[in-house]
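*Asks:* Can you look at this prediction? I've put the sequence above it.
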Amino acid sequence: MIDNYNFNGKRALVRVDFNVPLNKETFEVTDGTRIRAALPTLKKILNDGGSLVIMSHLGRPKNGPEEKFSLKHIVPTLEAALGKSVIFLDDCVGDKIVEQTKEFEAGKVILLENLRFHKHETAGTENFAQQLAQHGDVYVNDAFGTAHRAHASTTVVAKFFPNDKLFGYLISKEIESVERLFSTGEKPVTAIVGGAKVSSKISIITNLLDKIDNLILGGGMVYTFSKAMGGQVGSSLVEDDQLETAKEILKMAEAKNVSVILPEDSIIANGFSNDAEKKETSSSEIPDGWMGLDIGPKATESCVSCIENSKTILWNGPMGVFEFDNFEAGTKAVAQACVNVSAQGGFTLIGGGDSVAAINKYGLADQVSHVSTGGGAMLEFLEGKELPGIKAIQS
Ligand code: AMP
């Protein structure tokens, strides 16, 4: 636990996720949320009397250094967030860099250049990880977004700190949130799984069925379920190769006593556009040429009531094409219901899909218990996979 660790007199090598969006011409940071999110961990280390050597990736450089992916662009934002000056080093390994990181000085903050300027980072090369390890006395991983990758700085480096490796506050909160959903959370536990396709959510749903009381299905995948049960779905998004899987999921849910809410009605449109003509209909009687783009009012009422009667919630994936304002009502109502549960003392985890974008669209992110910072990492976590970045610290 980071809270129980005293960084006094130690150089902390901290892996953060500063993969922030930059203005394409001026390279200024356009959204510093990820930098601010790392502050609790960075400040804890500095307040204890430690020093920081910060490492991160930025973008996807292909062949070595590229100006547009240099972490030097984030220095002003990091300095403003920390209220301290930051020493930027133009590489992350090598004798010259070690020269700068080897002397301890309390309160010193060093930012290393983009790890991915070396292909050894994503390859997880042991020797490269060992070179990174020279920069610190203790290793802290607070980059949840890359925890599902066995990269040098997220996983391999940990082996060089057998007794001094720990999670930062951000990763700790992600792990606690999933543990609460999987085992320690108060019942009833409800998972809301939406989004576009069944195929991308099968592993999550099957992993969750042992852990939840209710499963609410929404989004485009509803129509694969509806067709599988003999419904008419018009031109809605359907994965014909998943019809059997959909039936299988419903059977498994029944066998495990999980009650499934499939939206009984839908808002349908005569085209995939915000301005398309729209009307309400049963989710199993969608005429030809029409497609379901949101859950309907009856379904919304059932979903909200189920959510508001639950104590622990996972929301993964929107209920409809919420990017179109005319088809966002179901998603917005679910977001508000999650907020209401949180206000009543329930636990709400939003993550692993576009529901994060939805909760942000409605400005409600700070009114739920936890909004995950890692899309792909959270998906794999919810699928029950072991994340290498987490295992490396725990083992
Ligand atoms: P995911 O990343 O799996 O959470 O999927 C999110 C995407 O699913 C969003 O971009 C939504 O626009 C899309 N989506 C949700 N409902 C529908 C629908 N009924 N038809 C087509 N796409 C949908």
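*Replies:* Done, it's in. Residues are numbered from 1 along each chain as shown.

*Asks:* only C-alpha atoms for contact and neighbour calcs from this point on.
*Replies:* OK.

*Asks:* where's Gly375 relative to the ligand, distance?
*Replies:* 9 Å (CA to the nearest ligand atom, to the nearest Å).

*Asks:* Check Phe182 too.
*Replies:* 20 Å.

*Asks:* Which of the three states applies to that residue?
*Replies:* Here Phe182 is helix, with the state taken from DSSP: H, G, I helix; E, B strand; the rest coil.

*Asks:* What about it, how many residues nearby?
*Replies:* By other CA atoms under 10 Å, 19 other residues sit near Phe182.

*Asks:* Could you verify my assumption that it touches Lys211?
*Replies:* Yes: contact criterion CA atoms under 8 Å: Phe182 and Lys211 qualify, at 5.7 Å.

*Asks:* for Glu79, helix, strand, or coil?
*Replies:* helix.

*Asks:* And the pLDDT at it?
*Replies:* Note for Glu79: predicted pLDDT of 98.

*Asks:* what's the burial count for the closest residue in space to it that isn't next to it in sequence?
*Replies:* In space, Glu79 comes closest to Ser85 once its chain neighbours are excluded; the distance is 5.4 Å by CA to CA, 6 or more residues apart in numbering. Ser85: 15 surrounding residues under other CA under 10 Å.

*Asks:* For Leu78, see how far away Ser85 is.
*Replies:* Using CA to CA, to the nearest Å, Ser85 is found at 9 Å from Leu78.

*Asks:* The ligand contacts on this protein?
*Replies:* Within the chain, the residues that sit near the ligand (CA under 6 Å from any ligand atom) are 195-196, 219-220, 237, 292-294, 317-323, 353-354.

*Asks:* and those, which are buried?
*Replies:* Buried by 16 or more other CA atoms under 10 Å: 195-196, 219-220, 237, 292-294, 317-322, 353-354, out of those.

*Asks:* Quick check, Ala335 in contact with Ile359.
*Replies:* Yes: Ala335 is within contact range of Ile359, at 6.1 Å (criterion: CA under 8 Å).

*Asks:* distance of the nearest residue to Gly94 once chain neighbours are set aside from the ligand?
*Replies:* Leaving aside its sequence neighbours, Gly94 sits nearest to Gln131 (CA to CA, 6+ apart; 7.4 Å). Going from Gln131 to the ligand by CA to the nearest ligand atom gives 37 Å.

*Asks:* before we move on, which element is Gln131 in?
*Replies:* helix 126-133 (DSSP states H and E).

*Asks:* Could I get the buried residue list for that helix?
*Replies:* Glu126, Phe128, Ala129, Gln130, Gln131, Leu132, Ala133.

*Asks:* which outside residues touch whichever helix or strand comes after it?
*Replies:* Counting by DSSP H and E, the next helix or strand C-terminal to helix 126-133 is strand 138-141. If you take CA atoms under 8 Å, 6 or more residues apart in numbering as the criterion, strand 138-141 is touched by 10-16, 133, 154, 158, 161, 164-168, 171, 389.

*Asks:* same deal with stretch 292-305?
*Replies:* For stretch 292-305, using CA under 8 Å, 6+ apart, the contacting residues are 216, 218-220, 223, 233, 236-237, 261-269, 272, 280-281, 283, 286, 319-322, 327-331, 333-334, 337.

*Asks:* if you set the cut-off to 6 Å instead, what comes out?
*Replies:* With contact meaning CA atoms under 6 Å, 6 or more residues apart in numbering, stretch 292-305 is reached by Ser236, Pro263, Glu264, Asp265, Ser266, Ile267, Ile268, Gly320, Val321, Phe327, Gly330, Ala337.

*Asks:* Just give me how far that stretch sits from the chain centre.
*Replies:* Remark: stretch 292-305 is offset 25 Å from the chain centroid, using CA atoms, centre = their mean, to the nearest Å.

*Asks:* from here on, count from 773
*Replies:* Shifting the count to begin at 773 puts that one at stretch 1064-1077.

*Asks:* In the stretch 773-922 of the chain, what residue lies closest to the ligand?
*Replies:* The minimum distance from the stretch 773-922 of the chain to the ligand, using CA to the nearest ligand atom, falls at Gly917 (15.4 Å).

*Asks:* Spatially nearest residue to that residue, not counting backbone neighbours?
*Replies:* With sequence-adjacent residues excluded and distances taken as CA to CA, 6+ apart, Gly917 is closest to Gly1146, at 4.0 Å.

*Asks:* That neighbour and Leu942, how far apart?
*Replies:* 10 Å.

*Asks:* Between the two, point out the one with more neighbours.
*Replies:* Gly1146 (23 against 20).

*Asks:* Would you verify that Thr996 is located in a helix?
*Replies:* Yes: the assignment for Thr996 (three-state DSSP) places it in a helix.

*Asks:* which residues touch it?
*Replies:* Taking CA under 6 Å, 6+ apart, one finds Val1010, Glu1011 in contact with Thr996.

*Asks:* make it 10 Å
*Replies:* Each residue near Thr996 by CA atoms under 10 Å, 6 or more residues apart in numbering is listed here: 969-970, 1002-1003, 1005, 1008-1019.

*Asks:* Mind checking which of those are in helices?
*Replies:* Leu1015, Glu1016, Thr1017, Ala1018, Lys1019 (DSSP state H).

*Asks:* if we can go back for a sec, residues making contact with the helix holding Gln903?
*Replies:* Taking CA under 10 Å, 6+ apart as the rule, helix 898-905 contacts 785, 827, 864-867, 869-870, 884, 887, 890-893, 911, 923-933.

*Asks:* Kindly recompute the last result at 6 Å.
*Replies:* So helix 898-905 is in contact with Ala924, Val929, going by CA under 6 Å, 6+ apart.

*Asks:* Name the nearest residue to Leu1022, sequence neighbours excluded.
*Replies:* Counting by CA to CA, 6+ apart, the residue nearest Leu1022 is Val1032, at 7.6 Å.

*Asks:* Could you tell me the phi and psi values at the one you found?
*Replies:* phi -110, psi 130 (degrees, to the nearest 10).
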